[in-house]
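In: give me coordinates for this.
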Amino acid sequence: MRLRLMEATVDCLVELGWSGTTTTVVSKRAGVSRGAQLHHFPTKQDLVVAAVGHLTERRRDDMRQAAADLPEAGRTRAVLEILSAQFVSPVFFAALELWVAARTDAELRESVAPLERRVGRETHAYALELLGVDESRGHNREVIQATLDLLRGLGLAASLSDDAKRRSVVLDSWAIILDQQLELA
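Out: Numbering: from 1, shown residues only. Down below sits the predicted model:
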């Protein structure tokens, strides 16, 4: 039941936005009584933060599975594709709705900020791992952070239109830059 509620919440955030996502709409979509929803998640804020957090973890598992088959030739570009997919996923778009709402809602920001910091740290560490670099060497930390910022920006652009072709060209170019700039362990 909790899983259905969380998945329905992300679907609603993506389709209806923050303001259109209500606990009543989520309960109906999940096929759960309003009382059961309130038992598990007393507030909309509790529900959406839990949903985005849970599904972020599921996406991370999917990412790990995709990374199991990384090629040696063209590895950097393949890693960028895996990371980029995280920023054009429904979970990212749901999180984007939370970020925008949290910008002007201090109570929501208090709940969203720790989740975003944790996800950001984990994504950064995972990018280092996939690329096989030590962040303490050279400018690796900054280059990885710039990469994640670039991917987030490309994801933001994709929220308004299908930007896959341009994103692919940018990632091709960025893979070359990464191969030149990163100091391997």
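
In: C-terminal to the host helix or strand of Thr147, what's the next element?
Out: When elements are assigned from DSSP states H and E, Thr147 belongs to helix 140-158. Once the chain leaves helix 140-158, the next helix or strand it forms, by DSSP H and E, is helix 164-181.

In: looking at this structure, which helix or strand is least sure?
Out: In the chain, no helix or strand scores lower on mean pLDDT, DSSP states H and E than helix 44-67, which sits at a mean of 84.

In: now for the helix holding Thr147, which elements pack on it?
Out: Packing partners of helix 140-158 (3 or more Cβ pairs under 8 Å, 6 or more residues apart in numbering; DSSP states H and E): helix 75-86, helix 90-104, helix 106-131, helix 164-181. (Glycine included, C-beta is placed from N, CA and C.)

In: how close does the residue located most distally from the centre of the chain get to Gly155?
Out: Relative to the centre of the chain, and counting by Cα atoms, centre = their mean, the farthest-placed residue is Gly35 at 30.0 Å. Going from Gly35 to Gly155 by Cβ to Cβ, to the nearest Å gives 37 Å.

In: thinking again about what came up before, which residues touch the least confident helix or strand of the chain?
Out: By Cβ atoms under 8 Å, 6 or more residues apart in numbering, the surrounding residues in contact with helix 44-67 are 3, 5-7, 9-10, 13, 18, 21-23, 26, 37, 41, 79, 82-83, 85-86, 89-91, 94-95, 98, 107-108, 111-112, 115, 119, 122, 126, 130.

In: please pick the buried ones from those.
Out: Among these, those classed as buried by 16 or more other Cβ atoms under 10 Å are 5-7, 9-10, 13, 18, 21, 23, 26, 37, 41, 79, 82-83, 85-86, 89, 91, 94-95, 98, 108, 111-112, 115, 119, 126, 130.
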